[in-house]
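Peer 1: Okay, sequence plus prediction incoming.
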Amino acid sequence: MIHEIIPVGLLQCNCSIFGDEQTREAVVIDPGDETDAILARLAKHGLRATAIVITHAHIDHIGGGARLKAATGAPVYMNADDQELYDHLDEQAGWLGMAPPSRTAVDVPIREGDSISPGGAEFRFLHTPGHTQGSVSVWIPAENKLVAGDTLFRDSIGRTDLPGGDYRQILRSIHTKLLVLPEEAIVIPGHGELTTIGREKERNPFLQS
Ligand SMILES: [Zn+2]
């Protein structure tokens with residue numbers, strides 16, 4: 001499978017593009033900003049976006065969602081527990097001193113255990129609340145990859161001091177939903193460097209009990 005990671009926007013959110021070589025269908029996860037760069041990367045590989053997945057409704061992850069949907073026609077997937085945050089996108093833009101981006105309807109609510117299989121490979125959604133109430137992680141078993149949004153980072157975890165954050169809950173989500181994945185699974189965090197489940201289990205200072 002084609003996999004491109006593009007750090008986008010002011011906060012350099014890791015936007016992932018997964019594309020199937022045969023069907024040319026692609027899933028775009030967290031198109032926070034720089035829609036033109038995302039579209040150019042899709043075009044470069046001859047890919048057609050058929051799903052836009054939002055790990056959570058913080059502006060740096062969802063800000064480009066409306067523009068990408070308008071350009072590709074792909075449906076937007078997000079957990080309904082983050083709808084309120086998305087409704088306050090203007091306020092989030094204010095915190096960062098940005099112009100508010102356009103918003104769009106969420107087409108498909110993500111629920112725990114749901115999956116989509118564009119082009120064949122399974123993308124399984126894990127509801128991992130704590131950073132926000134609607135935070136999800138995306139597990140792609142055939143690739144042995146986890147897109148973790150802002151739930152799990154290399155040597156860190158998502159902040160829980162913003163509206164909807166809950167420290168005990170994010171730890172529970174990580175322990176029960178993420179650390180049970182294979183140790184060699186590659187983790188693509190919402191920002192910064194990649195890691196593995198095994199490395200974080202062993203060395204992440206927030207996960208040692
Ligand atoms: Zn976030």
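Peer 2: Perfect, thanks for sending it.

Peer 1: Is the ion within reach of the lowest-mean-pLDDT helix or strand in the chain?
Peer 2: The weakest-scoring helix or strand in the chain, judged by mean pLDDT, DSSP states H and E, is helix 89-96 (a mean of 93). No: Helix 89-96 does not reach the ion (C-beta under 5 Å from the ion); its nearest approach is 9.7 Å. Where you see a C-beta, it was placed from the backbone N, CA and C, and this is true even at glycine.

Peer 1: for the ion, what are the nearby residues on this structure?
Peer 2: For the chain, the contact set with the ion under C-beta under 5 Å from the ion comprises His58, Asp150.

Peer 1: Break down the chain into its helices, ranges please.
Peer 2: Ranges of helices within the chain are 35-44, 59-62, 65-72, 83-87, 89-96, 167-173, 197-203, based on DSSP state H.

Peer 1: and the fifth one, what other elements does it pack with?
Peer 2: This means helix 89-96. With contacts defined as 3 or more C-beta pairs under 8 Å, 6 or more residues apart in numbering; DSSP states H and E, helix 89-96 has these neighbours: helix 59-62.

Peer 1: residues in contact with the helix it packs on?
Peer 2: Contact with helix 59-62 is made by 9-11, 13, 30-33, 54-56, 78, 86, 89, 92-93, 96, 98, 101, 149-150, 190, as judged by C-beta atoms under 8 Å, 6 or more residues apart in numbering.

Peer 1: what's the model's confidence in it, averaged?
Peer 2: Regarding helix 59-62, the rounded mean pLDDT is 96.

Peer 1: picking up where we left off before, CA atoms of the least confident helix or strand of the chain as CSV?
Peer 2: This file holds the C-alpha atoms of helix 89-96, laid out as CSV (Å, rounded to 0.1, in the frame of the first residue of the first chain):
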residue,chain,number,x,y,z
LEU,A,89,-14.0,25.6,15.1
ASP,A,90,-14.2,29.4,15.0
GLU,A,91,-13.2,29.6,18.7
GLN,A,92,-10.3,27.1,18.1
ALA,A,93,-9.1,29.3,15.2
GLY,A,94,-9.2,32.3,17.6
TRP,A,95,-6.9,30.5,20.1
LEU,A,96,-4.4,30.1,17.3
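
Peer 1: got the angle between it and helix 65-72?
Peer 2: 120 degrees (axes from the mean of the first three to the mean of the last three C-alpha atoms, to 10 degrees).

Peer 1: What residues sit buried inside helix 89-96?
Peer 2: By neighbour count, with 16 or more other C-beta atoms under 10 Å as the criterion, the buried positions of helix 89-96 are Leu89, Gln92.

Peer 1: Contacts for that helix, please.
Peer 2: So helix 89-96 is contacted by 10-11, 57-60, 62-63, 85, 99-101, 103 (C-beta under 8 Å, 6+ apart).
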